[in-house]
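# no sequence on this one, just coordinates:
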């Protein structure tokens, strides 16, 4: 309708013939088809006149009819016969040879359908019979503009739910399948796949799976047009969300792999952008084992634009690994995410109490960066026990323990022979510890049980065989991987001038070093564990002979665990040291191996380690040169989501990165962190917040205004998470927010006043009086009226704080200060502010009425003689709309009622019309609204 005046201005002479002399750009309310109601034109009835102009030789006449069809239906929809006649005219008009007429008609179908749905009971039948065929037919119209209008109308109709399921399956889907067929025209095919992707989220799941999904999979592999594949890649996440997890993993994931390796970089870039949406619809196993390596390949893509999109999606992709149970979170009844209180005796501590420490799963994962599933000590126990049936008597208790944590480790461990021998020694010791507890009784309490070494000998023999097989297999695999990486590096040497190639070489070099270290470390670990395990097992067999006291048989076993436990992480870390022959040498090297200790601090078991390593590398200055100049900003933006995924127990992995971002030279990076620091504080809890976030928060307080505003907007949310003593330290720093780099930045001070209203509840009345009161009074004298008005509300909130906490003396002192500062202010703005404060005090009931009438009411009534009308206007509104509406002032015999009524009578007779008006009218509601008159100057 907005474009109608363009036709009428240019063709005013033609409109005059139709009775449009007074129609112009300003006559929006006039119906387009008003000429149909003009009597005496050709002596024809309105319907006949409609038909005459609908099929006129003049193109403009037909355009007018097509554009005004909604008005026509409103006029003739009350009579069934006229309604069907108009429908027939619409069908004939849809066959018009002029593209502009067909376009105008198609643009009117959605509003017509909405109107008919509300007014016609038989809408579904009529729409399906008359209008729906027009929409479907126009999808194949030879004119591009008509097709675009039809596509937009179809999407609107689907969004509004106006198309029946039968029409979708029998009319819409068949034509889309025909247009997207391999033999179809290229232009039609691109348009059809666009509609398929858009309507996937608007129709039911079964329709998409049965009718649209097979064709979508075919289009993903279209080798003729890369535009078709690009549309599929860009909308891949929406299709996955529409069909669900099962169909995604069965049909779409293979196609997604093909698109991610497409020869056109635009396809790979589109896949990187929708990676999070695809990951969200897959199972944790597929996400970890298949999608994670695929994403790593996109991060190391030769094309810079693909790498840039991949790094931007890295944080959101990591967030799909979030697990409430592992991250220490839970969903409240209102749907919000909250931190689960730490349990005093979590199940995880049971494994930590055993000789096999909880550090071992992290070290196992460090050996295989590309390994999908993460290993855990308990899951390795379970798999080892399944293959060693001969030692059932020693591991029954281990299986019971594994079942306790089985729900947390489902789909997170794949048994590998190379991993079994790493924990075999720990298993042997653990089994004997638990066996001693199982066989304990009152008889054996007085003497240690005799050891049975037959099963231990079998275990030793079994470990020796497995060690030889796994070592040879690991060496073979690592040699093959190293040779392939070396070939790729040699091929890239000729292109080292390209920064993109340099980035690839860095990634491949790191992979080559990791493969070499794995090959050396596997054998060393297995040999050391076998040697140490044998000596420790022999010592454990002889140990009971020396413990004959009451507690000797039990206390000696944990002592062995303490001596064995440090040797396990020691062996795993010393990858560059020759074969160790004893525990003493391992402990000596452990103290000097600080770089590996730092690497170990970045290990966790929530997400695949390569993903975390790539995310942590986003702060590397080299990334800004080879990937994206704003890569640090993307890292800062997604850091709360990554921290939420890892949980507070893995904050040590992100701490250094967060500190690096907080000191970044780009203020946009620091600003991003400032806006989200309160959310990160919720994730980390009070202890980590006080230790790691408070120093950064203090730095943001002294930063640029662009950074400080992020802290200020959520100042209350952050301060309420701190302990009372730590929170009190910020009372001295709140005054700094009043001073800004640019005095014109009044919104900064406005935000400060809003936050102070919330912050009042965090401090006691004495602190409010000593510190926050001065800030509030300073803001009340601000040059900008918006800041002053919100500051007046702050003053009222402070008064309410005093009286709510029985600090009447502080409240009285504050009232006296308000009278001196505002009632007796030399500027009329201050006196007007006093009237507003008194009005808000009465409305909010923030102080006892007897205190108000004693200390504030006399000063308020004295404003009736103020020389400035604006002050008297606000006084009249305060008395008439607020005070006289309170029950206390309406009560008969109130000694203060007479004084208030006399003041109102004086204001009603005021020489200023506005003052007399507001003193006379009765209030329509109880709530006080700040009108534009109140905010003058």
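Yep, that arrived. These numbers come from a predicted model, not from an experiment. Numbers count the residues shown, from 1 in each chain.

# hey, let's count contacts and neighbours off CA atoms from now on
Will do.

# next one, pLDDT for the residue lying closest to residue 721 once chain neighbours are set aside please.
The shortest distance from residue 721 to any non-neighbouring residue, by CA to CA, 6 or more residues apart in numbering, is to residue 686 (6.1 Å). Residue 686 is assigned 88 on the pLDDT scale.

# so what's residue 686 up against?
721-723 (CA atoms under 8 Å, 6 or more residues apart in numbering).

# name the SS class of it, please.
helix (DSSP: H, G, I helix; E, B strand; the rest coil).

# what's the end-to-end length of stretch 122-139?
Using CA to CA, to the nearest Å, the end-to-end distance of stretch 122-139 comes out at 26 Å.

# quick one: average confidence on it?
88.

# from residue 151, how far off is residue 190?
Where residue 151 is concerned, residue 190 sits at a distance of 12 Å (CA to CA).

# what's the helix or strand for the closest residue in space to residue 870 that isn't next to it in sequence?
Spatial nearest neighbour of residue 870, chain neighbours left out: residue 832 (7.1 Å); criterion: CA to CA, 6+ apart. Residue 832 belongs to helix 828-844 when assigned by DSSP states H and E.

# let's see the pLDDT reported for residue 743.
83.

# report how many residues lie close to it.
When neighbours are defined as other CA atoms under 10 Å, residue 743 has 11 of them.

# for it, phi and psi?
Dihedral pair for residue 743: phi -60, psi -20, per degrees, to the nearest 10.

# returning to what we had before: C-terminal to the helix holding residue 832, what's the next element?
helix 849-855.

# give me the contacts around that following helix.
815, 842, 888, 896.

# in the stretch 251-400 of the chain, where is pLDDT below threshold?
The stretch 251-400 of the chain contains residues with pLDDT under 70 at 324-400.

# may I see the buried residues of the helix holding residue 832?
Using 16 or more other CA atoms under 10 Å as the test for burial, helix 828-844 gives 828-843.

# before we move on, what about stretch 136-150?
136, 138-141, 144, 146-150.

# quick one: which two of those are the most distant?
Longest distance between any two of those is 14.5 Å, between 136 and 144; criterion CA to CA.

# can you flag the buried ones in the contacts of residue 686?
Among the contacts of residue 686, the ones that count as buried (16+ other CA under 10 Å) are 721-722.

# could you dump the contacts of residue 686 to CSV with secondary structure, distance to residue 607 and pLDDT?
Output for the contacts of residue 686, formatted as CSV (DSSP: H, G, I helix; E, B strand; the rest coil; distance: CA to CA, whole Å; pLDDT from 0 to 100):
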residue, secondary structure, distance to residue 607, pLDDT
721, coil, 28, 91
722, coil, 30, 92
723, coil, 32, 91
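
# could you dump the contacts of residue 686 into JSON lines with distance to residue 493 added?
Converted to JSON lines, the contacts of residue 686 look like this (distance: CA to CA, whole Å):
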{"residue": "721", "distance to residue 493": "54"}
{"residue": "722", "distance to residue 493": "55"}
{"residue": "723", "distance to residue 493": "57"}
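
# closest one of the buried residues of stretch 136-150 to residue 606?
Once CA to CA is applied, the member of these that ends up nearest residue 606 is residue 148, at 46.9 Å.

# the closest one: what secondary structure?
helix.

# what does residue 118 give?
helix.

# please tell me the pLDDT value assigned to it.
86.

# ok, now residue 537?
43.

# and stretch 737-749, end to end?
7 Å.

# which residues of the chain fall in strands?
Remark: strands assigned in the chain by DSSP state E are 329-331, 337-339.

# pLDDT weak spots in this structure?
1-44, 324-485, 487-489, 491-492, 494-508, 510-602, 892-893, 923-937.

# go again with 80.
Applying pLDDT under 80 to the chain flags the ranges 1-46, 49, 77, 120-123, 223, 323-603, 887-896, 922-937.

# what about residue 187, how many residues nearby?
Neighbours of residue 187 (other CA under 10 Å): 13.

# no wait, residue 794
27.

# now do the contacts for it.
Counted by CA under 8 Å, 6+ apart, residue 794 has contacts 753-754, 756-757, 776.

# try it again with 10 Å
Residues in contact with residue 794, defined by CA atoms under 10 Å, 6 or more residues apart in numbering, are 753-758, 760, 772-773, 775-777, 779-780, 788, 800, 837.

# buried set for stretch 80-94?
Buried, per 16+ other CA under 10 Å, within stretch 80-94: 83, 86-87, 90, 93-94.

# now swap in stretch 713-726 and tell me
713-719, 721-722.

# check stretch 692-700 too.
Of the residues in stretch 692-700, those buried (16+ other CA under 10 Å) are 692-694, 696-697, 700.

# just stretch 70-78 next, same as before
For stretch 70-78, by 16+ other CA under 10 Å, it's 70-73, 76-77.

# just the residues you listed now: which is nearest residue 918?
residue 71 (45.5 Å).

# do I have it right that that closest one meets residue 86?
No - checked against CA atoms under 10 Å, the pair residue 71 and residue 86 is beyond contact range at 11.3 Å.

# shared neighbours, those two?
By CA under 10 Å, 6+ apart, the residues touching both residue 71 and residue 86 are residue 77.

# and for residue 606, nearest residue in space, chain neighbours not counted?
Residue 606's closest residue in space is residue 646 (CA to CA, 6+ apart), at 6.0 Å.

# same question for residue 241.
residue 281 is the one closest to residue 241 (CA to CA, 6+ apart), at 6.1 Å.

# my guess is that neighbour meets residue 237, correct?
Yes - using CA under 10 Å, residue 281 is in contact with residue 237, at 8.4 Å.

# so what sits against both of the two?
residue 248.

# quick one: the closest residue to residue 320 other than its chain neighbours from residue 75, how far?
Nearest non-adjacent residue to residue 320, counting by CA to CA, 6+ apart: residue 280, 5.8 Å away. Relative to residue 75, residue 280 is positioned 50 Å away (CA to CA).
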